[in-house]
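> Sequence first, then the predicted structure, then my questions.
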Amino acid sequence: MSIIWTIIVGLVVGLIARMLKPGRDAMGWIMTAVLGIAGSFLAGFIGQQLNFYAPGEPAGFIASVIGAIVLLVIWGAVTGKK
């Protein structure tokens, strides 16, 4: 059940990140969920390195959205999209 919950939260985080970042990011539902999940992992990793989170503690919702936005910006820079 936790995998389904992770996918649902990842989808919501990915949708919010895509709404907040200006520009068009053409991706489907699955990639949006993957974006949200990866943003959450990125936020958790950075938060642990900065001692915001204890090891094994998940990132917060806002940090996950920020992590997903960072990934969107990196993806746009790599692919050359504006």
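Great, that's in hand.

> which residues of the protein fall in helices?
Here the chain has its helices, by DSSP state H, at 2-20, 29-49, 61-79.

> could you give the angle of the second one to helix 61-79?
Going back to what we said before, that points to helix 29-49. 110 degrees (axes from the mean of the first three to the mean of the last three C-alpha atoms, to 10 degrees).

> buried residues in helix 29-49?
32-44, 46-47 (16 or more other C-beta atoms under 10 Å). In short, each C-beta sits where N, CA and C put it, glycine included.

> Out of those, the closest to residue 13 would be?
residue 36 (3.4 Å; C-beta to C-beta).

> Could you dump the helices of the chain into JSON lines with distance to residue 55 and mean pLDDT added?
Converted to JSON lines, the helices of the chain look like this (distance: least, C-beta to C-beta, whole Å; pLDDT from 0 to 100):
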{"stretch": "helix 2-20", "distance to residue 55": "18", "mean pLDDT": "88"}
{"stretch": "helix 29-49", "distance to residue 55": "6", "mean pLDDT": "90"}
{"stretch": "helix 61-79", "distance to residue 55": "16", "mean pLDDT": "90"}
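
> can I assume residue 44 is in contact with residue 61?
No. Applying C-beta atoms under 8 Å as the test, residue 44 and residue 61 come out as separate, 11.9 Å apart.

> Please tell me how far residue 3 sits from residue 26.
As judged by C-beta to C-beta, to the nearest Å, residue 3 and residue 26 stand 26 Å apart.

> check contacts around residue 25.
18, 72, 75, 76, 81 (C-beta atoms under 8 Å, 6 or more residues apart in numbering).

> ok, now with 10 Å
14, 17, 18, 31, 32, 35, 72, 75, 76, 81 (C-beta atoms under 10 Å, 6 or more residues apart in numbering).
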